[in-house]
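Undergrad: Let's see this in three dimensions:
(chains A and B)
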Amino acid sequence: MFEEFTWEFIVGHLNYWLFIVLMMTGLYIVVARSNLVKKLVGLNIFQVSVFMLYISMGKITGGTAPIFPTDMKVDPGVTYSNPLPHVLILTAIVVGIATTSLALALIVRIREEYNTIDEAGILEIESTICRAENQLHGEAMGGRA
Amino acid sequence: MASEVTHTAATFADHLPVLQILVPFIAAPLTVLIGSRALAWPIAFVSSAIAAVIAFALLMKTMGGEVISYHLGGWAPPLGIEYRVDAANAFVLLLVCAISTIVLPFARTSVAAEIPKRQHTLFYTAYLLCFAGLLGVAVTGDAFNVFVFLEISSLSTYVLIAQGSYRDKRALTAAFDYLMMGTIGATFFVIGIGLLYMATGTLNMADIADRIAEQGSNRTVRSAFAFIVVGIGLKVAIYPLHLWLPNSYTFAPSAVTAFLAATATKVAIYVLMRFVFSVFRPDFSFANNTLEFIIIPFAILAMFAASFIAIFQSDFKRMLAYSSIAQIGYILLGIGFLTQTGLTAGISHLFNHGITKAALFMGVGALVLRTGSSFYSRLEGAGRTMPWTSAAVVIGGLSLIGVPGTAGFISKWVLVQAALEKGWWPVALLIVASSLLAVIYVWRVIETLYLKPATGDAATATEAPASMLIPLWIMAAACIYFGFDTQITIGASQTAAQGLLAGAVGMAH
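TA: Here you go, the predicted model:
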């Protein structure tokens, strides 16, 4: 199954390799960091990697910017890049901004209530609450998960 | 050129698919612009009721197997965005609208008690956005549009869950966890759509389906399928991807939990069905294998593991959250059978479980209002002081088990039939066995409410107000009504299942 991994294949799919590296970097940060803000940064990198995937997909070799001349006389010899993925990503960027701002607002509220934005610290506080509840109301299975 | 197509949507009735979303979508900013706390709830309720009427009209139109195609702005698909309504959509739309319209009167009292006054206006704004987003996901026939509406509903859901922080600060971390996992899920979904666009050059679902059928399976299409299933699986809370669900449901305000438990995961399941059956088609062998060897085992695991965890909860609300994960297992099992009967069972259980969980979570909300907590130890003996609320909870519980005469029985019966039809009698036995686990966790509730001596808060509690009891009893009555009259649920599910299984025929232009 590895015979297709020729030099041309690897270089020709450069944008996909970069996308995967960026995506995995983002996911790793989300999982590995315990600071909530850093987690959010990881999530942003993860999202941005998808923007890169879409944008690079719209590029056509030798294609120019998809802007028609004002008289609308399009020269059939000119190749245009595909603008649709770019438009889609504009929407996705807006969604990303909304997600980031909402998450930051949540982090601010968490900081107010827990006095920490470290996941380990939050888990500790929550397990203390859980233990108190269990003593009061009987043992429960499951916990935070 | 698409612009040369004459606008065929001439009458008011032709615009129903877009009005379905526009009504709550315009109502949402309206509540902010008017800025009146007194008007926010009436606006939300009226727009939700109008949406329910529209959804009912759409279901009546599509019950016969007809497909409505609405071209947004008059731009013909595949270039323009298309709203496509068939029996499967219309059924989900009606479920979401009906639940919302019934939960809102309940929410008015519940929200007033659980959320500070200054947040009320914005609460209903977020609620309407979430409602509009869910409707949009169900109505659209454009793959990227699904993502946009999914994010509209998800973002407002995170806000709604975080509103629970005034009762318990853990609502904040629950919302943050859900935001992280939900965004990863949505991003996976977008990657899947991007890959599909790469392979087919189109975003219209029917068009994608045609082109996949033409070119057959290739690696890009297969990886797109994987990304979409995992992405939507996070939103559905398929068993190993369910981690966000218990805390979100437990710490969200009662009204929010009642609404979300009955609608959000159901809409996500609808998206999963739409992609598996309409976009990738039942004959796409990769999808079949995924359903048979991945989804079905996890569905059965969910039925047992989540039910088992539910038994050992000490909090009524958290118990119901785990039970939801188990019930999603039944729905996915029905879908995984890939037969007409199985799909009918899945879709009808989607509806029946929706109304059952709405009744139960509203019951919890009423108990929380009067006793201040949803822990069993605080609810002991509430059956005597709050007889109407407790009776409705018991009816919901019976429907959850699937006792004959309740809605839950009908869909589980069809599910067992589907398993036997395939000759998978061990699976049929497993369905019955896992229902026995439901007997145990529902019995614990009945024991707490009726058999324990009344102590503490429950002893002095008074019956919940009528504004809560009426919606609660409408849902409880629906649990019984749909246990006897199966015309609407099974009829619509059958038409929907036929449309989905027909694949190519159902989505033809």
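Undergrad: Which residues are in contact with the closest residue to residue B:292 other than its chain neighbours?
TA: Nearest non-adjacent residue to residue B:292, counting by Cβ to Cβ, 6 or more residues apart in numbering or on different chains: residue B:336, 6.6 Å away. Bear in mind the C-beta positions are built from the backbone N, C-alpha and C, glycine included. Neighbour list for residue B:336: B:291, B:292, B:295, B:296, B:299, B:342 [criterion: Cβ atoms under 8 Å, 6 or more residues apart in numbering or on different chains].
Undergrad: what's the closest of these to residue B:62?
TA: Taking Cβ to Cβ as the measure, residue B:62 sits nearest to residue B:342 out of these, at 21.5 Å.
Undergrad: ok, now how distant is the nearest residue to the closest one once chain neighbours are set aside from chain A?
TA: Excluding the flanking residues, the one nearest residue B:342 by Cβ to Cβ, 6+ apart is residue B:418, at 3.9 Å. Per Cβ to the nearest Cβ, to the nearest Å, residue B:418 is found 31 Å from chain A.
Undergrad: do the same with residue B:84
TA: Distance of residue B:84 to chain A, given as Cβ to the nearest Cβ: 19 Å.
Undergrad: For that residue, which three-state class applies?
TA: Three-state call for residue B:84 (DSSP: H, G, I helix; E, B strand; the rest coil): strand.
Undergrad: Over to residue B:80?
TA: Applying three-state DSSP: residue B:80 is coil.
Undergrad: Low-confidence stretches in chain A?
TA: Residues of chain A that meet the criterion pLDDT under 70 lie in A:1-2, A:139-145.
Undergrad: wait, does the longest helix along it make contact with chain B?
TA: Of all the segments of type helix in chain A, defined by DSSP state H, the longest one is helix A:84-114. Yes: Helix A:84-114 reaches chain B (Cβ under 8 Å from any Cβ of the partner chain) through A:85, A:88, A:91-92, A:95, A:98-99, A:102-103, A:106-107, A:109-110, A:113-114.
Undergrad: Now the buried members of these.
TA: A:85, A:88, A:92, A:95, A:99, A:102-103, A:106-107, A:109-110, A:113-114 (16 or more other Cβ atoms under 10 Å in any protein chain shown).
Undergrad: possible to save those residues as CSV with distance to residue B:437?
TA: As requested, those are arranged in CSV below (distance: Cβ to Cβ, whole Å):
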residue, distance to residue B:437
A:85, 48
A:88, 45
A:92, 42
A:95, 39
A:99, 37
A:102, 37
A:103, 37
A:106, 35
A:107, 38
A:109, 37
A:110, 35
A:113, 36
A:114, 35
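Undergrad: From residue B:96, how far out is residue B:90?
TA: From residue B:90 over to residue B:96 the distance is 11 Å, taken as Cβ to Cβ, to the nearest Å.
Undergrad: Spit out the residues that contact those two alike.
TA: Joint contacts of residue B:90 and residue B:96 (Cβ under 8 Å, 6+ apart) are residue B:55.
Undergrad: Show me the helices in chain A, by range?
TA: Counting by DSSP H, the helices of chain A are A:7-12, A:14-32, A:36-57, A:84-114, A:119-137.
Undergrad: so where's the stretch 251-400 of chain B uncertain?
TA: B:282-283.
Undergrad: and with 50 instead?
TA: The model of the stretch 251-400 of chain B has no residue with pLDDT under 50.
Undergrad: residues from it in reach of chain A?
TA: Checking the stretch 251-400 of chain B against chain A by Cβ under 8 Å from any Cβ, the hits are B:309, B:312, B:313, B:314, B:315, B:318, B:322, B:375, B:376, B:377, B:378.
Undergrad: Tell me which of those residues fall in helices.
TA: Those of those lying in helices (DSSP H): B:309, B:318, B:322, B:376, B:377, B:378.
Undergrad: how much space is there between the second one and residue A:137?
TA: Taken as Cβ to Cβ, the spacing of residue B:318 relative to residue A:137 amounts to 11 Å.
Undergrad: same deal with the first one?
TA: Taking Cβ to Cβ as the measure, residue B:309 falls 16 Å from residue A:137.
Undergrad: Quick one: the strands in chain B, in order.
TA: Along chain B, counting by DSSP state E, strands occupy B:68-71, B:82-85.
Undergrad: Kindly provide the whole-number mean pLDDT of the last one.
TA: Pointing back at strand B:82-85 there. Mean pLDDT, strand B:82-85: 91.
Undergrad: mind listing what's buried in it?
TA: Residues B:82, B:83, B:84, B:85 are the ones in strand B:82-85 that count as buried (16+ other Cβ under 10 Å).
Undergrad: How about the contacts made by the closest residue to residue A:26 other than its chain neighbours?
TA: Closest residue in space to residue A:26, ignoring its immediate chain neighbours: residue A:46 at 3.0 Å, by Cβ to Cβ, 6+ apart. Residue A:46 makes contact with A:22, A:23, A:26, A:27, A:30, B:184, B:187, according to Cβ under 8 Å, 6+ apart.
Undergrad: again, but for residue B:37
TA: Contacts of residue B:37 (Cβ under 8 Å, 6+ apart): B:117, B:120, B:121.
Undergrad: Put the buried members of those into a PyMOL selection.
TA: The PyMOL selection below is limited to those of these classed as buried (16+ other Cβ under 10 Å):
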select buried, chain B and resi 120+121
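Undergrad: Inside helices: which ones of the contacts of residue B:37?
TA: Of the contacts of residue B:37, the ones assigned to helices by DSSP H are B:120, B:121.
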